[in-house]
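> Return atomic coordinates for the entry below.
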Amino acid sequence: MEEQRAAELLAQARARVQRALGELGPPDRGEDPEPFESGDAAPDMFEAELEEGLAGSLREELRAIERAERRLSEGTYGISVLSGKPIPDARLEAIPWAERTAAEQARLDSLGR
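Numbers count the residues shown, from 1 in each chain. A predicted model of the protein is given here:
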């Protein structure tokens, strides 16, 4: 993949993730309701936990984008960090921060890593 195209894709991905994190807003640091005072606390707690999980996933994606930007500047972008094999351009178009080939990632995913 051409360096300029990779940089564009990574910049778009970074902007998308940062925008999504900004839309989640800061975590609610307000007082917890008394356990028996409010019957409506459960939906709020569920939503807060859901948002924190999403924020965690987005932060991990942002770290992966940062690693890909570093590889781009070092001249190793598009090369698997696991095997050193080239990552196909089609995969990088879909997931610009991909660190491994699809087969390598599938193998890791099947192992739960």
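
> How about residues contacting the helix or strand that contains Arg19?
Using DSSP states H and E, the element containing Arg19 is helix 3-24. Contact with helix 3-24 is made by 51, 54-55, 58-59, 61-62, 65, 68-69, 72, 77-78, 92-93, 96-97, as judged by CB atoms under 8 Å, 6 or more residues apart in numbering. Any C-beta I mention is one placed from the backbone N, CA and C, and that applies to glycine too.

> Tell me the buried residues within those.
Neighbour-count burial (16 or more other CB atoms under 10 Å) applied to the contacts of helix 3-24 gives 55, 58, 61-62, 65, 68-69, 72, 77-78, 92, 96-97.

> of all those, which two lie farthest apart?
The distance between the two most remote of the buried ones among the contacts of helix 3-24 (CB to CB) is 28.9 Å, for Ala55 and Gly78.

> thinking again about what came up before, in CSV, list the buried ones among the contacts of helix 3-24 along with pLDDT, distance to Val17 and secondary structure.
Listed next are the buried ones among the contacts of helix 3-24 as CSV, based on pLDDT from 0 to 100; distance: CB to CB, whole Å; DSSP: H, G, I helix; E, B strand; the rest coil:
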residue, pLDDT, distance to Val17, secondary structure
Ala55, 90, 10, helix
Leu58, 95, 5, helix
Glu61, 97, 5, helix
Leu62, 97, 5, helix
Ile65, 98, 7, helix
Ala68, 98, 12, helix
Glu69, 98, 12, helix
Leu72, 98, 17, helix
Tyr77, 98, 18, coil
Gly78, 98, 20, coil
Leu92, 98, 17, helix
Pro96, 98, 11, coil
Trp97, 97, 10, coil
